[in-house]
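Chemist: Give me coordinates for this.
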Amino acid sequence: MPLDAGRRLTPGDAAPTVAVSALETVIGRIGLHWQATAEDAGLVRVVLAADDLDAPPAPAWLAAPFMAYFADALQPIGLPTRLPGTAFQRRVWRAIAAIAPGRTRTYGELAADLGSAARAVGGACRANPCPLVVPCHRVVARQGLGGFAGDRGGRLLAIKRALLAHEGTTGRRPS
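Modeler: Got it, this is the predicted structure:
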């Protein structure tokens, strides 16, 4: 049952509830989906390029970590998450979350660390429900940027470039 985005969701909420709100950022409007249960609460989805999202503005408690990141790339977006996904996807997302701002790793490097294949890492990146919080924009191809959220040449890839520039890197790897 959707909630008014102005109401702060807390772990005390009895049934799972989801609030959706919009946030205007330097990379465009993003959609924020937040879920609370009786046990805990967390961000479940970040939708980039959400220009058509008809939702109330994000409340300050939710917007503040994103705005802090856009003001200073070294500021983590320190919101708890509730990430669905396979055990492998969650392993990849934890590895991605460990990549520092301004740094990049290749799909192949992450795959080697995880004992997997680069394509599998790319698939987990594509399935990441919370870009920015799980900074998959910091994962690049051996040559070039690779994709971003399934996009290989459109607006989402332009957002990846902008995020990497914001963090002081181009994402290009030395040959």
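Chemist: List the residues that contact Y107.
Modeler: 118-119, 121-122, 125, 139-142, 146 (Cβ atoms under 8 Å, 6 or more residues apart in numbering). Bear in mind the C-beta positions are built from the backbone N, C-alpha and C, glycine included.
Chemist: typo on my end, it should be A97
Modeler: A97 is in contact with 134-135, counting by Cβ under 8 Å, 6+ apart.
Chemist: what about 10 Å?
Modeler: 76, 81, 130, 133-136, 138 (Cβ atoms under 10 Å, 6 or more residues apart in numbering).
Chemist: before we move on, which element is the spatially most central residue of the chain in?
Modeler: Residue closest to the mean C-alpha point of the chain, counted by Cα atoms, centre = their mean, is P131 at 1.4 Å. P131 belongs to no helix or strand when assigned by DSSP states H and E.
Chemist: now G168
Modeler: G168 is located outside every helix and strand, with elements delineated by DSSP H and E.
Chemist: please renumber so the chain begins at 52
Modeler: From this message on, residue numbering opens at 52, which makes the last subject G219.
Chemist: L214 versus the closest residue to it other than its chain neighbours, what's the distance?
Modeler: Distances taken as Cβ to Cβ, 6 or more residues apart in numbering place G153 nearest to G219, at 4.7 Å, with adjacent residues excluded. From G153 over to L214 the distance is 11 Å, taken as Cβ to Cβ, to the nearest Å.
Chemist: Quick check: neighbours shared by these two?
Modeler: By Cβ under 10 Å, 6+ apart, the residues touching both G153 and L214 are 124, 189, 220.
Chemist: any idea how far P186 is from the nearest residue to the first one once chain neighbours are set aside?
Modeler: Distances taken as Cβ to Cβ, 6+ apart place E218 nearest to A124, at 4.3 Å, with adjacent residues excluded. For E218, the distance to P186 under the criterion Cβ to Cβ works out to 9 Å.
Chemist: wait, isn't W112 in contact with L94?
Modeler: No. The criterion here is Cβ atoms under 10 Å, and W112 misses it with L94 at 11.7 Å.
Chemist: And what about the nearest residue to R133 once chain neighbours are set aside, helix, strand or coil?
Modeler: Of all residues not flanking R133 in the chain, G93 sits nearest, at 3.9 Å (Cβ to Cβ, 6+ apart). Under DSSP: H, G, I helix; E, B strand; the rest coil, the three-state class of G93 is strand.
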